[in-house]
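Trainee: could you look at this predicted model? Sequence included:
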Amino acid sequence: MPNTKSAIKRTRSNAKKQQVNRAVKSRIGTLERQFKEQVASGDKEATQAALKNVASAYDKAAKKGVVHANKAANKKSSLTKLANTLA
């Protein structure tokens with residue numbers, strides 16, 4: 001249990017931040033799943049749109065520090081390679 005006033009506040013703010021980070025990661029997972037569904041369907045235009053959405057989400061998450069910048073870059077690269085298999 002936190003004993004000081006600042007530690008109590010830190011616990012509250014950490015809990016709020018944890019919820020925000022979890023929501024961001026969940027959104028990324030959803031967008032990635034939708035992207036992979038588009039790849040499986042074979043629709044090239046929809047795949048490109050989905051790739052744009054998921055890449056943007058990874059960039060925003062990396063900017064906020066939710067995911068590491070290198071992880072975001074690696075994921076975007078691998079997803080782009082996957083999208084290029086339709087070409």
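Mentor: That came through fine. Numbers count the residues shown, from 1 in each chain.
Trainee: ok, Leu25 - contacts?
Mentor: I think there's a mix-up here, since residue 25 is Lys and not Leu. 61, 66-67 (CB atoms under 8 Å, 6 or more residues apart in numbering). C-beta coordinates here come from the backbone N, C-alpha and C atoms, glycine included.
Trainee: can you get me a residue count around Lys52?
Mentor: If you count neighbours by other CB atoms under 10 Å, Lys52 ends up with 12.
Trainee: just the element for it, please.
Mentor: helix 44-64 (DSSP states H and E).
Trainee: middle-most residue in this structure, spatially?
Mentor: What sits nearest the mean C-alpha location of the chain, by CA atoms, centre = their mean, is Ile28, with 3.2 Å.
Trainee: can you show me the helices along this protein?
Mentor: 5-41, 44-64, 69-84 (DSSP state H).
Trainee: the first one to helix 44-64, inter-axis angle?
Mentor: It refers to helix 5-41. 160 degrees (axes from the mean of the first three to the mean of the last three CA atoms, to 10 degrees).
Trainee: low-confidence ranges in the chain?
Mentor: 87 (pLDDT under 70).
Trainee: picking that back up, can you list the helices and strands that the helix holding Lys52 packs against?
Mentor: helix 5-41, helix 69-84 (3 or more CB pairs under 8 Å, 6 or more residues apart in numbering; DSSP states H and E).
Trainee: could you export these as CSV, including distance to Ala55?
Mentor: Below are the helices and strands packed on helix 44-64 laid out as CSV (distance: least, CB to CB, whole Å):
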stretch, distance to Ala55
helix 5-41, 9
helix 69-84, 5
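Trainee: and those: which comes nearest Val54?
Mentor: Nearest of these to Val54, taken as CB to CB: helix 5-41 at 4.3 Å.
Trainee: and that closest one, what's buried?
Mentor: 24, 28, 31-32, 35, 38-39 (16 or more other CB atoms under 10 Å).
Trainee: ok, these vs Lys81, which is closest?
Mentor: Distances from Lys81 to the buried residues of helix 5-41, taken by CB to CB, are shortest for Val39, at 10.8 Å.
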